[in-house]
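Asks: One predicted model, sequence on top.
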Amino acid sequence: MRWNQGRATIDRLIADGELQRVPPSREHADQLLAQAHKDLASADLLRGSNPKRAYESLYDAARMALTAVLENQGLRPTSRGGHIAPYAAVSAQLDPPMGTVLRPLDRMRRTRNRSEYPSFTTPEVTADNVTVDMSAARAIVETCEGVLDQMSPF
């Protein structure tokens with residue numbers, strides 16, 4: 001059975017060079033999800049002592065989970081697509097009904113970018129930021145794990 005929701009968006013991302021086709025790999029998807037869980041655990045450990053690094057880890061966990069969905073389908077973000085293409089591709093395919101789970105990732109990406117490229121006008125990432133977004137990152141990872149068996153190769 002072919003997965004059709006979001007097909008036009010995926011086709012456009014491929015045509016624009018933001019995604020590329022690769023052999024579908026559940027094994028690689030599972031490896032990415034295992035790493036996502038390690039990143040969540042790291043974020044939890046670093047929350048108080050190094051909130052910037054903790055936030056980067058929780059963001060990476062969520063992003064990696066989206067990439068796992070794509071790898072399972074035989075798609076991979078290119079350097080041109082960067083961190084935005086996985087979000088655009090998976091959101092197009094899963095929203096609705098899972099948009100409320102996925103939507104925080106874009107805000108998390110912006111927060112992570114502000115921490116990576118700080119200025120005098122942007123606040124530092126705090127342990128509270130990590131605490132607030134930890135549940136969102138976990139929900140994204142769990143959602144991505146839950147859809148792998150339902151989504152066919154693209």
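Replies: Received the coordinates, thanks.

Asks: Just want the most central residue of this structure.
Replies: residue 63 (2.1 Å; C-alpha atoms, centre = their mean).

Asks: need the strands for this protein, in chain order.
Replies: 19-21, 75-77 (DSSP state E).

Asks: winner for burial among those?
Replies: strand 75-77 (a mean of 22; mean count of other C-beta atoms under 10 Å). Any C-beta I mention is one placed from the backbone N, CA and C, and that applies to glycine too.

Asks: Tell me which strands that strand pairs with, and in which orientation.
Replies: strand 19-21 (antiparallel) (DSSP bridges).

Asks: In the protein, what helix or strand scores lowest on average pLDDT?
Replies: Ranking every helix and strand in the chain by mean pLDDT, DSSP states H and E puts helix 104-116 at the bottom, with a mean of 91.

Asks: just the helices in this structure please.
Replies: Assigned by DSSP state H, the chain shows helices spanning 7-15, 26-46, 51-73, 84-94, 99-102, 104-116, 127-147.

Asks: about what we covered before: the residue nearest to the centre of the chain against residue 106, yeah?
Replies: No. Shown here, residue 63 and residue 106 do not form a contact pair, counting by C-beta atoms under 8 Å, at 10.9 Å.

Asks: Could you tell me which residues touch both of the two?
Replies: Overlap of the contact sets of residue 63 and residue 106 (by C-beta atoms under 8 Å, 6 or more residues apart in numbering) consists of residue 87.

Asks: Please report how far the residue of the chain most remote from its centre lies from residue 114.
Replies: Here the chain reaches farthest from its C-alpha mean at residue 120, the gap being 28.1 Å by C-alpha atoms, centre = their mean. Going from residue 120 to residue 114 by C-beta to C-beta, to the nearest Å gives 12 Å.

Asks: And for residue 88?
Replies: 21 Å.

Asks: now residue 48
Replies: Residue 48 is 20 Å from residue 114, by C-beta to C-beta.

Asks: which one of those two has more residues nearby?
Replies: residue 114 (16 against 11; other C-beta atoms under 10 Å).

Asks: I figured that one hits residue 121, correct?
Replies: No. Contact criterion C-beta under 8 Å: residue 114 and residue 121 do not qualify, at 9.7 Å.
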